[in-house]
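Asker: I'd like to go over a predicted model; first the sequence, then the structure.
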There are 2 protein chains.
Amino acid sequence: MPRRVDHDERRRQIAEAVLRIAAGRGLEAVSMREVAAEAGVSIGRVQHYFASKDQMLVFAAGRLREHLEQRIRRGLPAAGPPHAPLRSLRAVLVALLPLDRDGREDARAGAAVLIRALGEAELAERYRSGRSDIVATMAEWLRSAADAGELRGDLDPGLEASVLLALVGGLASDLLLGHHTPEQAIAIIDHQLKRLS
Amino acid sequence: MPRRVDHDERRRQIAEAVLRIAAGRGLEAVSMREVAAEAGVSIGRVQHYFASKDQMLVFAAGRLREHLEQRIRRGLPAAGPPHAPLRSLRAVLVALLPLDRDGREDARAGAAVLIRALGEAELAERYRSGRSDIVATMAEWLRSAADAGELRGDLDPGLEASVLLALVGGLASDLLLGHHTPEQAIAIIDHQLKRLS
């Protein structure tokens, strides 16, 4: 019997190769040839799954989002009180920061894809909808935390969520540049959260 | 008599061409040939002033900083009380946001150069020192504003300056992506500043 091919897995492997190249050398180095070499497959195989560089980038952007969701899940309080909105919110903010090697690689690849997205409608829409989803989730937790008395009752959850998301976005660049250490970046997030309590 | 050549001006013209290409099509599109075409000069002329792409990028990054300083000067309160630290601080924060066409073009070029800087020591050092200078200036104004009674006396100027710089960095991406309107981004800055008073 022929071995069954896991097309999703192959597509993911190629997308991971795209992200490694983008993180290390920027999108200018992403080509069918380079991706094939990085993934250890033939150029024909890459072209079988992706008809163009843009198709690869859209799929790779989706992988970045899955990485982020995995980091968030790992960071969420596993034990503890069943309802811990403030801890959950902090976990998401910390997960959005490039604090380790994988996080830095994703942040670099994400920054490269973001620039490309500014000129590509489909990528831009993915970015915008991703940000809107994160802001909505954070606003929900801010509201829950306020209801639970963990945060001030008079705060505007949508506004504060936008502030926090912009803050971690800027801190991500600062971390990549070495302008802040991970500890400093986390202290800045805690400082801002404390302000809301 | 031969016409005197203004080498600085020629260098600037080439750097502006680099920035236009980087903003529109990313650094992958920046080459001696493309820059020469965009600047309307010969490739030999470009090579006369810049021996490599990296030399062009370092000089172009310096131009970005000069653009920012011009925007800040334009935004600073011209009239009014001689000592208006809070208004000066707000003017810098607003000048850092891509609110008009020129600002957006600079922000896109800056983001492209930032990515490159992550792999190039000289560019990275320019970015870091630029950010340190801005944080120091903002901290000084925060301190003055607190001394003048415009802001709370117990705030940590260095910490708050870092928060504000990270915030405008994230808002810049949100503006480029169309996730916020200019009015929303400015409202978020004012919200954060109000918190310090």
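Answerer: Right, received. Where do you want to start?
Asker: quick one: A:Ile43 and A:Leu68, what's the gap?
Answerer: According to Cβ to Cβ, to the nearest Å, A:Ile43 stands 30 Å off from A:Leu68. No exception for glycine: its C-beta is placed from N, CA and C like everyone else's.
Asker: neighbour-wise, which of these two wins?
Answerer: A:Leu68 (18 against 14; other Cβ atoms under 10 Å in any protein chain shown).
Asker: would you mind measuring from A:Leu118 to chain B?
Answerer: Going from A:Leu118 to chain B by Cβ to the nearest Cβ, to the nearest Å gives 6 Å.
Asker: need the contact list for the most centrally placed residue in chain A.
Answerer: By Cα atoms, centre = their mean, the mean C-alpha position of chain A lies nearest to A:Leu68, the distance being 4.2 Å. By Cβ atoms under 8 Å, 6 or more residues apart in numbering or on different chains, the residues touching A:Leu68 are A:Ala95, A:Leu96, A:Asp106.
Asker: next up, phi/psi of the second one, please.
Answerer: Recorded main-chain torsions at A:Leu96 are phi -80, psi -10, according to degrees, to the nearest 10.
Asker: can you pull the contacts of A:Pro77?
Answerer: Residues in contact with A:Pro77, defined by Cβ under 8 Å, 6+ apart, are A:Ala84, A:Arg87, A:Ser88, A:Ala91.
Asker: nearest to chain B, of those residues?
Answerer: A:Ala91 (18.6 Å; Cβ to the nearest Cβ).
Asker: dump the helix or strand containing that closest one to PDB, keeping only the CA atoms.
Answerer: Assigned by DSSP states H and E, A:Ala91 belongs to helix A:85-95. This file holds the C-alpha atoms of helix A:85-95, laid out as PDB (Å, rounded to 0.1, in the frame of the first residue of the first chain):
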ATOM      1  CA  PRO A  85      -9.200  37.300  34.100                       C
ATOM      2  CA  LEU A  86      -6.300  39.500  35.100                       C
ATOM      3  CA  ARG A  87      -3.800  36.700  35.100                       C
ATOM      4  CA  SER A  88      -5.100  35.500  31.700                       C
ATOM      5  CA  LEU A  89      -4.700  39.100  30.300                       C
ATOM      6  CA  ARG A  90      -1.200  39.300  31.600                       C
ATOM      7  CA  ALA A  91      -0.400  35.900  30.100                       C
ATOM      8  CA  VAL A  92      -1.500  37.100  26.700                       C
ATOM      9  CA  LEU A  93       0.500  40.300  26.900                       C
ATOM     10  CA  VAL A  94       3.700  38.400  27.900                       C
ATOM     11  CA  ALA A  95       3.100  35.800  25.200                       C
END
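Asker: wait, isn't A:Leu171 in contact with B:Leu167?
Answerer: No. In this structure, A:Leu171 is not within contact of B:Leu167 by Cβ atoms under 8 Å, at 9.3 Å.
Asker: the more surrounded of the two?
Answerer: Between A:Leu171 and B:Leu167, counted using other Cβ under 10 Å, the more crowded position is A:Leu171 (29 against 26).
Asker: immediately after the helix or strand containing the more buried one, which helix or strand?
Answerer: Element membership for A:Leu171 (DSSP H and E) is helix A:157-177. Next helix or strand after helix A:157-177 toward the C-terminus (DSSP H and E): helix A:182-195.
Asker: can you list the buried residues in that next one?
Answerer: Of the residues in helix A:182-195, A:Ala185, A:Ile186, A:Ile188, A:Ile189, A:Gln192, A:Leu193, A:Arg195 count as buried by neighbour count, 16 or more other Cβ atoms under 10 Å in any protein chain shown.
Asker: now those residues as CSV including pLDDT?
Answerer: Below are those laid out as CSV (pLDDT from 0 to 100):
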residue, pLDDT
A:Ala185, 97
A:Ile186, 97
A:Ile188, 97
A:Ile189, 97
A:Gln192, 96
A:Leu193, 95
A:Arg195, 92
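Asker: also near chain B: which of those, exactly?
Answerer: Among the buried residues of helix A:182-195, the residues that sit close to chain B (Cβ under 8 Å from any Cβ of the partner chain) are A:Ile188, A:Gln192, A:Arg195.
Asker: now the second one: how far from B:Ala51?
Answerer: A:Gln192 is 45 Å from B:Ala51, where distance means Cβ to Cβ.
Asker: which strands or helices does the helix holding A:Leu171 pack on?
Answerer: Here helix A:157-177 touches helix A:85-95, helix A:101-117, helix A:121-147, helix A:182-195, helix B:101-117, helix B:121-147, helix B:157-177, helix B:182-195, going by 3 or more Cβ pairs under 8 Å, 6 or more residues apart in numbering or on different chains; DSSP states H and E.
Asker: list of residues touching the helix holding A:Ala91?
Answerer: Contacts for helix A:85-95 (Cβ under 8 Å, 6+ apart): A:68, A:71-72, A:74-77, A:80, A:134, A:137-138, A:141-142, A:144-145, A:148, A:150-151, A:164, A:168, A:186, A:189-190, A:193.
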